[in-house]
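1. Got a sequence here, can you build the structure:
(chains A and B)
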Amino acid sequence: MRRLKRWWIGYLVAISSLYAVIWNTPYPSSETASKTLFVPFSSPPKHLDPVIAYSSNEWMVLGQIYEPPLQYNYLKRPYTLEPLTLSKMPEVIYLDKALRPTEENTSIAYTRYRFALRSDIRYAPHAAFVKDKRGMPRIRIDAETAQSLRSAYDISPKASRTVTAYDYVYAIKRMALRVNHSPILDMMMQYIVGLADFSKRYSPIAVREKRAGEWFDLRPLHISGVKVLDDRHFDIVIKGRYPQFLYWMAMYFFAPVPWEAEAFYAQPALRDADIDLDTAPVGSGAYYLSEFRPERRMVLTKNPLFHKETFPVLSDEEYRRYKNADVLKRAGGRTLPFIERVVFSMEKENIPLWNKFLQGYYDASGVGSEAFDQAIRISAQGEMGLSDEMRAKKIKMLTAIQPSIFYMAFNMEDPVVGGYDEKHRLLRRAIAIAQDTEEYISIFMNGRGVVAHGPVPPGIAGHGEGKAACDTYVYRWEEGKCIRRTISEAKALLAKAGYPNGIDPATGKPLKLYYDVTATGPDDRALLEWRRKQFAKLGIELVVRATDYNRFQEKIRLGKAQIFSWGWNADYPDAENFLFLLYGPNAVTATRGAGMNSANYANPRFDALFDRIKTMPDSPERRRLVAQMVEIARKDAPWVWGVYPKSISLLHAWYENVVANAMANNTLKYKNIAPQRRIAYQERYNRPATAPMIASAGAIALFVWGTVALYRRRENRVIKKEC
Amino acid sequence: MGAYILRRILYAVPILAGINIITFLLFFTVNSPDDMARAQLGGKRVTPQMIAAWKAEHGYDKPLFYNEKEKGVRHLTETLFFDESVKLFRFDFGKSDAGRDIAHEIRERMWPSLAIAVPTFLIALASNIVLALIAVLFRQTRVEKAMMIATVAMMSVSALFYIIFAQVIFAKMWHWVPISGYAEGAQGFKFVVLPVLVGVVSGMGAGIRWYRSIFLEQINQEYVRTARAKGLSERTVLFRHVLQNGMLPILTGVVVVIPTLFMGSLILESFFGIPGLGSYTIDAIRAQDFGIVKAMVFLGSVLYIVGLIATDISYAIFDPRVRL
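-> Next comes the predicted model:
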């Protein structure tokens, strides 16, 4: 009896422990219980070398590791630059042709930026900083060790040193070498004095050194416009005035690179094991890359030598824009970073990603089209909100209009839709009116977008407010509202353009226009059909020319496309970074494909205004000129303005201090995790169902038993018959 | 046998050269070196100078098959095709266009693929054979009919359905295993269970029917009648005699796939987050990374040839009538 009792107690303990444990966690329990952030990624970064990396998925990682001189304030809006590794904002001195300081606008030939670094910025400990007597990296790695490394940070011993002005200048020299394939080199050569000469002189040598597998020591070489004054100060001299240059100083192309890292990674064993600056970055940011296996997982670990930095504090007025102002106020002034580790896990498909988010195994998620109905509820007023299921799980939603634009462009060199006379303008305007972008956003973007009325998105100086934010050629401004013009108005414009009811008088048939797209999958069919219908409203026949991305790009470069859709993500929050997409000298056909003006739009008035605003800092005068430019472009209608996309992020309740900041990439240091709340959630929503397991085991046993029984019965029946 | 193997290896050389030519032709018909440079350098601010520098560094500035600027044999040797092919035949896969060592990547990715493919292969083989033998055991009864209906139904369902169904039921609703992910060692067991189960079940319909048809062919042979006449039980007849004699056609289909197991499964790995080789080639095609595409096509071809040779050798081992 006593034995039976013990057995029963043991059984109860086993069953209860079975219920207490989560079986489906993808992580070790120690990780879940610590301040570790879990983030999915779908496409691995190609490059982590700051001189090359230019994609959002690369900057998502690099932003936490490298520190350029400036950064965007995490909370302030409009987006505001502030010093990151500098002790103050760069000093700007205008110079004349003889390099003497000047204040006269007409005599400004150069601009000198003087950077003063903080003295407490140190690199994360790394083996490259362990040096021999000659001052060179001391640690040598053999091939076997190199192949077994998960990260360069597994190599011991490690050391560190202070970030100096030489490191920033070294990074600019690396940018100058063609062999490093920096995407901004050609653009920066137009500005930084001496960069082009340096590039031309040393790029061939760098190629030879790379082929020979040698480290090309750039320290003794000099760019005439980039000068180190001392350990903490350096100058960059650029041609003319270019106020946007400071925005580039917040990008990772200008992050410091220690020469020791290049010298250390030049070891053949490390090179053969793919350990170099492209896979093992060395920075001074809040985190270092402690594991890099891009096909499965990347791990960032807190930099033990991260400098003093605190969570930003705003005025009461500024806090009002945030729903989570209380949380942000509480975090204000606290030392960064809050999170100890960040684990990026490869997740190629949306369904597993979404379910893992709901199970609490990812701390944040986007909303894919498959999950949209489950996650989001659209109110009768058309406003987005969380569904009851999400609210029951205390999930939070964060929306933000992105500094991006998706537009439909007309090739302005095309004889039918291009051109600057009234007839062609009216044709384009009629087409623009017929494109029901509101419907497009509703059907194809689940409401995740805002109708664009010009090239400059909201939140960027020059966007305009009220009537100024309404394209009155396509919309009508009535009682404070922007209302799309009617199809009959569009038809009237079309008739004036010489195509009454969409009939081309040359052929007597409906006007035939050509739309070039890369969308060729079955999912795109509905979208293309919708696009055809928009043109059919005017009696125009739209011929869709679907092709692969390479051919599509080629057509655009050669100016062979007639109508096409394209998009742009801002490099920095300035109207210039959008308006240059319509700047004549930037036309793709004029620049052999190097320009970004894919519509080949060239209006001398617009170009003259652009030349003025690109050298002006933000001011009421500049905004007035930007508004004029937008108005010129609206009148010419080289684009159907399309959509400013809106991002939606869902966050679990334990993920704190999160605000939308589309410009900053180094935001993980501001965010916080409450692991105990996460564990409670995971235990609540991931209790394993044991009953189906017992039932499944029973079903298998029944199948085996039934098969054996049937076999035996059959065997016996034969015997009986024969008897 | 040694001479036979050597002969087959020598046959493989022109086959591999042919495959290499086709790969080159197909790839460069769709992608030009300029396109490849653009894909690697990113969509923004790419200039002709940058493209030229990238092509020169990666050797894509050379002509594809014939170099008019050179003389004599260098017409053919100073070409992209020659450079890349010579390396391939030395099994030197070199670097991908993004700059990563391809052999290192393959070594990293093949273990996760094998962690799924090997258990799936072995369990599927065993379970399909056993169930096919059960179907044969109960031939011309309701049990066989039910099994055949079930197998046809299983064949009619897409692999994607099995994956999503399994993820929803076992991972989302019952919380038995993680919905996706991968870990090495013992920790990896819980990640591997579901993809293996899906791999086994999704192939079960076709597998059972195929093995059943093989066994049904054997069941009417005279040696089976003799075995029965000796008084052996039906179970012994099937599992000892029919199974052994049915192994030869089974080997034909099975041995050939063994070397290719490590190439992985695209859909399974993608949905279960397994960092294997399944998607490596597809991702490379999308990224226009010719370095990876040519290496993986070449490797796949080599493995397939190895599989065919292994099949022939296995014939000789299992069937004494076959001489190589």
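2. Then residue A:599 would be within a strand, right?
-> No. Under DSSP: H, G, I helix; E, B strand; the rest coil, residue A:599 sits outside any strand and is assigned coil.
3. wait, what's in contact with it?
-> Neighbouring residues of residue A:599 by C-beta atoms under 8 Å, 6 or more residues apart in numbering or on different chains: A:409, A:410, A:411, A:412, A:582, A:638, A:639. For glycine as for every other residue, the C-beta is placed from the backbone atoms N, C-alpha and C.
4. So which of those residues are in strands?
-> Among the contacts of residue A:599, the ones falling in strands (DSSP state E) are A:409, A:410, A:639.
5. residues touching the residue nearest to residue B:172 when sequence neighbours are not counted, list them.
-> Once flanking residues are discounted, residue B:172 sits nearest to residue A:355: 5.1 Å by C-beta to C-beta, 6 or more residues apart in numbering or on different chains. Taking C-beta under 8 Å, 6+ apart, we find residue A:355 in contact with B:167, B:171, B:172, B:179.
6. Name the SS class of residue A:355, please.
-> helix.
7. what about residue B:13, distance to residue B:76?
-> 17 Å (C-beta to C-beta, to the nearest Å).
8. Settle it for me: which of those two has more neighbours?
-> residue B:76 (13 against 10; other C-beta atoms under 10 Å in any protein chain shown).
9. I'd like the distance between the more buried one and residue B:290.
-> When residue B:76 is compared with residue B:290 (using C-beta to C-beta), they lie 19 Å apart.
10. Which one (most neighbours) among the ones in strands among the contacts of residue A:599?
-> That'd be residue A:410 among the ones in strands among the contacts of residue A:599, by other C-beta under 10 Å, with 28 neighbours.
11. Distance-wise, check that one relative to chain B.
-> 21 Å (C-beta to the nearest C-beta, to the nearest Å).
12. Pairing partners for that residue in the sheet, please.
-> residue A:563 (DSSP bridges).
13. Looks like it contacts residue A:600 (just checking).
-> No. Using C-beta atoms under 8 Å, residue A:410 is not in contact with residue A:600, being 9.3 Å away.
14. hey, what's in contact with both of the two?
-> Common neighbours of residue A:410 and residue A:600 (C-beta under 8 Å, 6+ apart) are residue A:418.
15. Quick one: distance of the longest helix anywhere in chain A to the chain centre.
-> If each helix of chain A is counted by residues according to DSSP state H, the longest one is helix A:691-722. Centroid separation for helix A:691-722 versus its chain: 60 Å, with C-alpha atoms, centre = their mean, to the nearest Å.
16. That helix close to chain B?
-> Yes. Helix A:691-722 reaches chain B (C-beta under 8 Å from any C-beta of the partner chain) through A:692, A:693, A:707, A:710, A:711, A:714, A:715.
17. Mind listing residues that contact stretch A:192-205?
-> Here stretch A:192-205 has contacts from A:110, A:172-173, A:175-179, A:185, A:188-189, A:216, A:218, A:221-226, A:236-239, B:53, using C-beta under 8 Å, 6+ apart.
18. Take those and keep only those in strands.
-> A:110, A:226, A:236, A:237, A:238, A:239.
19. Tell me the one among those residues nearest to chain B.
-> Using C-beta to the nearest C-beta, residue A:238 is the member of those that lies nearest chain B, at 17.2 Å.
20. Find the nearest non-adjacent residue to that closest one, please.
-> residue A:191 (4.4 Å).
21. List the contacts of the one you found.
-> A:238, A:239, A:240, A:242, A:245.
22. so can I have a markdown table of those showing neighbour count?
-> Formatted as a markdown table, the contacts of residue A:191 follow (neighbours: other C-beta atoms under 10 Å in any protein chain shown):
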| residue | neighbour count |
| --- | --- |
| A:238 | 20 |
| A:239 | 14 |
| A:240 | 13 |
| A:242 | 17 |
| A:245 | 18 |
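23. Hmm, residue B:289 is touching residue B:98, no?
-> Yes. Residue B:289 lies in contact with residue B:98 (C-beta under 8 Å); the separation is 6.2 Å.
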